[in-house]
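*Asks:* here's my sequence, what's the structure:
(chains A and B)
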Amino acid sequence: GESVGLHLPTLSVQEGDNSIINCAYSNSASDYFIWYKQESGKGPQFIIDIRSNMDKRQGQRVTVLLNKTVKHLSLQIAATQPGDSAVYFCAEKAGTALIFGKGTTLSVSS
Amino acid sequence: DTGVSQNPRHKITKRGQNVTFRCDPISEHNRLYWYRQTLGQGPEFLTYFQNEAQLEKSRLLSDRFSAERPKGSFSTLEIQRTEQGDSAMYLCASSSGVSEPQHFGDGTRLSIL
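*Replies:* Sure thing, here's the model as predicted:
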């Protein structure tokens, strides 16, 4: 079945660096994509979303890029902070449910 | 906006017992979703409500699982005759529209002894 995967299970960066977390999706019918941040013991926290009629969307310190040609999604975090340390999931939506990948663990050292 | 609330946060029970979890969505959200998450994995969809109607169920939702949303507000998820494999985090989410963000609660962690 369709699934969303992430390229790297872990990413380690220094405080102040920019982080890029990548995600590949397989369902070309997906029309909505979301990035979530999940801290230990908590539920996924919405970061930013993008619809398939867009290729870029910016939020506060975060940017999501969507490349439908190669079915690739990325999350860019500017000036990464220790509080950004968490597991990041991308999710795609082609019907009702969100389909999540396995996540990338971001570790930020100061 | 107090966010999605789930109770209890943790539940420990013996195999074979029944358990029930509650979810209170964001008040103006008419769509409610249940997911299950196991260690190291992303959440997996279980079921979806629009108002009080249960419109979609995953094949993960076996006959031992039942979910309700009787008045279109809070929802309950019951697992009967629990098994070891039911140990997981059960997450609830709500949204205001079909292509609007789903906002998650902090889940109920179920441990089966």
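*Asks:* contacting residues around residue B:28?
*Replies:* Residues near residue B:28 by C-beta atoms under 8 Å, 6 or more residues apart in numbering or on different chains: residue B:96. Using the backbone N, CA and C atoms, a C-beta is placed for each residue, glycine as well.
*Asks:* ignore the last one, residue B:98
*Replies:* Contacts of residue B:98 were listed using C-beta under 8 Å, 6+ apart, and they are A:96, B:31.
*Asks:* helix, strand or coil: sort out it for me.
*Replies:* The local conformation at residue B:98, judged by DSSP: H, G, I helix; E, B strand; the rest coil, is coil.
*Asks:* any idea how far it is from residue B:19?
*Replies:* 30 Å (C-beta to C-beta, to the nearest Å).
*Asks:* what about the strands in the chain?
*Replies:* No chain specified, so I'll use chain A. Using DSSP state E, the strands of chain A run over A:4-6, A:10-14, A:19-25, A:32-38, A:45-51, A:56-58, A:62-67, A:72-77, A:86-93, A:98-100, A:104-109.
*Asks:* right idea, wrong chain: chain B
*Replies:* Secondary structure of chain B, counting by DSSP E: strands at B:5-7, B:10-13, B:19-24, B:31-37, B:44-50, B:53-57, B:65-68, B:75-79, B:88-95, B:103-104, B:108-112.
*Asks:* average pLDDT across stretch B:67-75?
*Replies:* What stretch B:67-75 shows for mean pLDDT is 94.
*Asks:* quick one: residue A:92 from chain B, how far?
*Replies:* Residue A:92 is 11 Å from chain B, where distance means C-beta to the nearest C-beta, to the nearest Å.
*Asks:* right, I mislabeled it, should have said residue A:49
*Replies:* Residue A:49 sits 5 Å away from chain B, going by C-beta to the nearest C-beta.
*Asks:* dump the residue contacts of that residue.
*Replies:* Contacts for residue A:49 (C-beta under 8 Å, 6+ apart) come out as A:32-35, A:57, A:64, B:101.
*Asks:* of the residues you listed, closest to residue A:83?
*Replies:* residue A:35 (16.1 Å; C-beta to C-beta).
*Asks:* ok, residue B:81 touching residue B:19?
*Replies:* No: assessed by C-beta atoms under 8 Å, residue B:81 is found out of contact with residue B:19, at 10.2 Å.
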